[in-house]
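**Student:** kindly return the folded structure for what I paste below:
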Amino acid sequence: MSHAARRAQHVSVDATRLLSRLDRFAQIGATPRGGVNRQALTEGDREARALLAHLGHERGFAVRQDAAANLFLRREGTDASLAPLLLGSHLDTQPTGGRFDGALGVLAGLEVLETLEDAGVSTPRAVELVAWTNEEGSRFSPGAMGSRAFADETLPESWLDARAPDGARFSDELAKTLRVLPDVPVAPLGRPIASYLELHIEQGPILEREGLPIGVVSGIQGTRWLEVTLEGASAHAGTTPLAFRRDPMMAAAVALAALQTAVMEQDEDARLTVGRIEAQPGSINAIPERVCFTLDLRHPRRERLNEIDALVRAVCAREAEQARCTVQVRVLNDMEPSAFPEPMLALAEAACTKAGLPHRRIVSGAFHDALFLARKAPALMLFTPCRDGISHNEAEYAEPQFCVSGATALLETALAVLHSLEI
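**Tutor:** Numbering: from 1, shown residues only. From the prediction side, this is the model:
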């Protein structure tokens, strides 16, 4: 065993430092109800990025960003020619988000870098931390823009004119964000990495219910976002009898009720969620001319996801015809399911066992940046419990001991992966 490996046997994370950092970042975009509103490419997001860069510079880590505003902190290894081990997550939140979704993974990754630095552990290859841009997709669609751009090594033209609900243009907000760190160089998109690790809160109730501090994520289910637009004819609410109505809201209501019964009640692995619904012209005393709603479809199997998509189209077409309306269905986002490699799962499980952390394998119901990094290199996720499984909510909470357990599991897994890459 090398001297560096012997020293790595005894390293441990600094719980006080990690928890204080979580509190410090939670103040950026803090909401009155204890959550965080730090949406992608806003002033709050820029402030958080600037703080992360500052912390990296303080420790002597190399800091850079890329054309998608992904922010990297690098702790050098002894051989700069080797592809780095990459740790990451995101700092952006939902409009009424929590303190831990994304931020825990970023700050636990920073804690890994600092723990190695504190202990003087030498690694052959660099270990890097990345804060990905716009994982949430709440301000600009699609989500996980930064990790997708890194994995595909391109920033699609179609994203540049994407608009936020406040009218802000993605390309303009991206440029402002890059300018916030004028002393941080901008690197090209994408480059080789040896492996990728990401820690995240579970965003579900399984680990808490089973009393387990760690979930080793075996895969991420597929996600497809659809936008359904039904068009009829606006008319007076009080003077138009049923036989003369072309009411898209009625068609939407009947279709959605049918889909709720046909999808999730029949398949416990399926998820169907209506996230937005809009009616135009939006007058209280007028039948709407147009109704538009979004559907978030999820399933671990691609073929089943396709079946649910086909069912949505058939049901909406049927109800549109019944209401004498037209219907259009547009795909906003389509992400394949992903299974993480068995060797990575085995390394993580062995690392958790070494650290004395009980664990189980678990499938992620939410998509994460790791879904796209898995296209470039062996990837893995670790989960920690969150109270009542609540996330994307100001009430989101992860117990301090679980945050520390998660960072410990990330550290031990990183060391195990580094060792496996050497042999």
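**Student:** can you list the low-confidence ranges for the chain?
**Tutor:** Within the chain, the stretches with pLDDT under 70 are 1-9.
**Student:** where do the helices of it begin and end?
**Tutor:** 3-8, 15-26, 43-58, 103-119, 145-152, 157-160, 170-179, 206-210, 248-262, 302-322, 342-354, 370-373, 400-422 (DSSP state H).
**Student:** list the buried ones in the fourth one?
**Tutor:** Residues 103-116 are the ones in helix 103-119 that count as buried (16 or more other CB atoms under 10 Å). Yep, even glycine has a C-beta here, placed from its N, CA and C like the rest.
**Student:** how about L113, nearest residue that isn't a chain neighbour?
**Tutor:** R75 (4.7 Å; CB to CB, 6 or more residues apart in numbering).
**Student:** what is the one you found paired to in the beta sheet?
**Tutor:** V127 (DSSP bridges).
**Student:** ok, it touching A119?
**Tutor:** No - if you go by CB atoms under 8 Å, R75 and A119 don't touch, sitting 11.8 Å apart.
**Student:** and Q39, what are its phi and psi?
**Tutor:** With angles defined as degrees, to the nearest 10, Q39 sits at phi -70, psi 160.
**Student:** residues of stretch 174-194 that come out buried?
**Tutor:** In stretch 174-194, counting by 16+ other CB under 10 Å, buried: L174, T177, L178, V180, L181, V184, L189, G190, I193, A194.
**Student:** can you redo those as JSON lines with distance to L297?
**Tutor:** Output for the buried residues of stretch 174-194, formatted as JSON lines (distance: CB to CB, whole Å):
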{"residue": "L174", "distance to L297": "29"}
{"residue": "T177", "distance to L297": "31"}
{"residue": "L178", "distance to L297": "34"}
{"residue": "V180", "distance to L297": "36"}
{"residue": "L181", "distance to L297": "37"}
{"residue": "V184", "distance to L297": "38"}
{"residue": "L189", "distance to L297": "29"}
{"residue": "G190", "distance to L297": "29"}
{"residue": "I193", "distance to L297": "30"}
{"residue": "A194", "distance to L297": "34"}
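**Student:** of all these, which comes closest to S338?
**Tutor:** Nearest to S338 among the buried residues of stretch 174-194, counting by CB to CB, is I193 at 16.2 Å.
**Student:** how close does the closest one get to K376?
**Tutor:** 6 Å (CB to CB, to the nearest Å).
**Student:** same question, G167
**Tutor:** 34 Å.
**Student:** what residues are up against L199?
**Tutor:** Neighbouring residues of L199 by CB atoms under 8 Å, 6 or more residues apart in numbering: 87, 89, 104-105, 108-109, 381-384, 406-407, 409-410.
**Student:** if you set the cut-off to 10 Å instead, what comes out?
**Tutor:** Neighbouring residues of L199 by CB atoms under 10 Å, 6 or more residues apart in numbering: 87-89, 104-109, 111-112, 214, 217, 380-384, 403, 406-407, 409-411, 413.
**Student:** next one: V263
**Tutor:** Contacts of V263 (CB under 10 Å, 6+ apart): A270, R271, L272, L295, L297, H299, E307, I308, L311, V312, V315.
**Student:** from V315, how far off is it?
**Tutor:** Separation of V263 from V315 (CB to CB) stands at 10 Å.
**Student:** kindly report the same for E412.
**Tutor:** Applying CB to CB, the value for E412 to V315 is 48 Å.
**Student:** tell me which of those two has more neighbours.
**Tutor:** The neighbour comparison of E412 against V315 (other CB atoms under 10 Å) goes to E412, with 26 against 21.
**Student:** could you find the closest non-adjacent residue to that one?
**Tutor:** Take E412 and drop its neighbours on the chain: the residue closest to it by CB to CB, 6+ apart is A351, 3.8 Å away.
**Student:** swap in V331?
**Tutor:** L226 (6.1 Å).
**Student:** surely that neighbour and L295 touch.
**Tutor:** Yes - with contact defined as CB atoms under 10 Å, L226 reaches L295; the gap is 4.5 Å.
**Student:** what sits against A320?
**Tutor:** Contacts of A320 by CB under 10 Å, 6+ apart are 228-232, 246, 248, 251-252, 254-255, 326-328.
**Student:** could you check how far E227 is from E114?
**Tutor:** E227 is 43 Å from E114, by CB to CB.
**Student:** to clarify, my last question referred to G222.
**Tutor:** From G222 to E114 the distance is 36 Å (CB to CB).
**Student:** now swap in R74 and tell me
**Tutor:** Applying CB to CB, the value for R74 to E114 is 13 Å.
**Student:** and the contacts of A320, which two are furthest apart?
**Tutor:** Among the contacts of A320, V254 and Q328 lie farthest apart (CB to CB), at 17.6 Å.
**Student:** so these two - more neighbours on which side?
**Tutor:** V254 (17 against 12).
**Student:** grab the nearest non-local neighbour of the more buried one.
**Tutor:** V254 sits nearest to E319 (CB to CB, 6+ apart), 4.9 Å away.
**Student:** mind listing what the one you found touches?
**Tutor:** 230, 248, 250-259, 325, 327.
**Student:** re the thing from before, of the contacts of V263, buried ones?
**Tutor:** Buried among these (16+ other CB under 10 Å): A270, R271, L272, L295, L297, H299, I308, L311, V312, V315.
**Student:** the last one: what's it in contact with?
**Tutor:** Applying CB under 10 Å, 6+ apart, we find V315 in contact with V228, A251, V254, A255, L256, A257, A258, L259, A262, V263, V327.
**Student:** which one of those residues sits closest to S12?
**Tutor:** V263 (45.8 Å).
**Student:** grab the nearest non-local neighbour of that closest one.
**Tutor:** Using CB to CB, 6+ apart, the closest residue to V263 is L272 (4.5 Å).
**Student:** now the one you found: how far from E265?
**Tutor:** Taking CB to CB, one finds L272 at 10 Å from E265.
**Student:** over to V130?
**Tutor:** V130 is 40 Å from E265, by CB to CB.
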